[in-house]
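Trainee: the sequence and its predicted three-dimensional model are supplied below.
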There are 2 protein chains.
Amino acid sequence: MIKHSKQRDAILEELRSRKDHPTAEELYFSLKADYPNLSLGTVYRNLNLLSEESIILKISSDGADRFDATKENHYHFRCMECGKISDIDFPVIDNIENNAQKFSDGKIMTHELMFVGLCKNCL
Amino acid sequence: MIKHSKQRDAILEELRSRKDHPTAEELYFSLKADYPNLSLGTVYRNLNLLSEESIILKISSDGADRFDATKENHYHFRCMECGKISDIDFPVIDNIENNAQKFSDGKIMTHELMFVGLCKNCL
DNA sequence: ATAATAATAGTAACAATTACTATTATCGAT
DNA sequence: ATCGATAATAGTAATTGTTACTATTATTAT
């Protein structure tokens, strides 16, 4: 049975308020101001819990995992220099999972598209 | 100046001989039979070196990074249950980087497409 | 063959994440 | 509202994946 917690609410709210895709540690430091005795483990535990529930998205990349509060599928851009990940407004490719299904003997359920290059800052 | 090494050759050869996408540790144990005093650090160092040279591809995912000897762009399938990554023979989407470029203020250089679901084994 | 130096093995250090444990907060039943 | 059961937390320790360090070995140009 899952109980409410102020910390979890705050973590989700903070993540939703940001358009970047922060790491657990970045969220932790942002929240530390309002919740001085928040624990980093709590941030990790809740982010994992929320991503298991598909309420948020976990993005694995070089270095620390990043998190994204947007639930509808959308695509990302990663800077190969600084590692920052941002959304890209490229329209989601319709039906691609059905098309890909014929090439797989597993069951395709979703897809992730990452564009990679150099961000404005690093150029 | 870059010098030859038996270890590097063996690592690349082993990676090329496999159609899965092993982790550094998996490669290390495979090679250990033929190179009993191979060091895990050597495997990591060479895999990083080879991926910086774009001779191989590093795939970051949940848990340990995985490596792929195929240089031309192609797509992958990740099992959300066991984490294994395999190739999928879906045709590479032509021109997608140019199309995406208009949605980005950075410089898009490549793209990565990952299908996610359940593999045959885990179904 | 020699000298310069890149690469290695082995180990220590590090960073990101998870596990553990005693305490606290939540929530349903009274 | 209080109580009891237990989920969640804070704080810390442990684990995992990876990189850094150092003395030794291997490679290559001369």
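Mentor: Yep, it's here. Residues are numbered from 1 along each chain as shown, chains lettered A, B, ... in the order given.

Trainee: residue contacts, the residue of chain A most remote from its centre?
Mentor: Distance from the C-alpha centroid of chain A peaks at residue A:102, with 28.4 Å (Cα atoms, centre = their mean). By Cβ atoms under 8 Å, 6 or more residues apart in numbering or on different chains, the contact set of residue A:102 is empty. The C-beta positions use only the backbone N, C-alpha and C, and glycine is treated the same way.

Trainee: hmm, try it at 10 Å
Mentor: For residue A:102, the contact set (Cβ atoms under 10 Å, 6 or more residues apart in numbering or on different chains) comprises A:108, B:89, B:90.

Trainee: can you tell me how far it sits from residue B:118?
Mentor: According to Cβ to Cβ, to the nearest Å, residue A:102 stands 16 Å off from residue B:118.

Trainee: same check, this time on residue A:22
Mentor: Going from residue A:22 to residue B:118 by Cβ to Cβ gives 29 Å.

Trainee: more neighbours: which of the two?
Mentor: Legend: neighbour count by other Cβ atoms under 10 Å in any protein chain shown for residue A:22 and residue B:118, higher for residue A:22 (20 against 16).

Trainee: measure the more buried one to residue A:28 for me?
Mentor: For residue A:22, the distance to residue A:28 (Cβ to Cβ) stands at 9 Å.

Trainee: between those two, what contacts are shared?
Mentor: Residues touching both residue A:22 and residue A:28 by Cβ under 10 Å, 6+ apart: A:14, A:47.

Trainee: ok, now which ones touch the closest residue to residue A:68 other than its chain neighbours?
Mentor: Counting by Cβ to Cβ, 6 or more residues apart in numbering or on different chains, residue A:68 lies nearest to residue A:57, which is 4.3 Å off, once chain neighbours are set aside. Counting by Cβ under 10 Å, 6+ apart, residue A:57 touches A:21, A:50-51, A:66-71, A:73-74, A:76, A:110, A:112.

Trainee: show me the residues you listed that map onto strands.
Mentor: Counting by DSSP state E, the part of the contacts of residue A:57 found in strands is A:66, A:67, A:68, A:76, A:110, A:112.

Trainee: pretty sure the third one contacts residue A:85?
Mentor: Read it as residue A:68. Yes. Residue A:68 is within contact range of residue A:85, at 8.2 Å (criterion: Cβ atoms under 10 Å).
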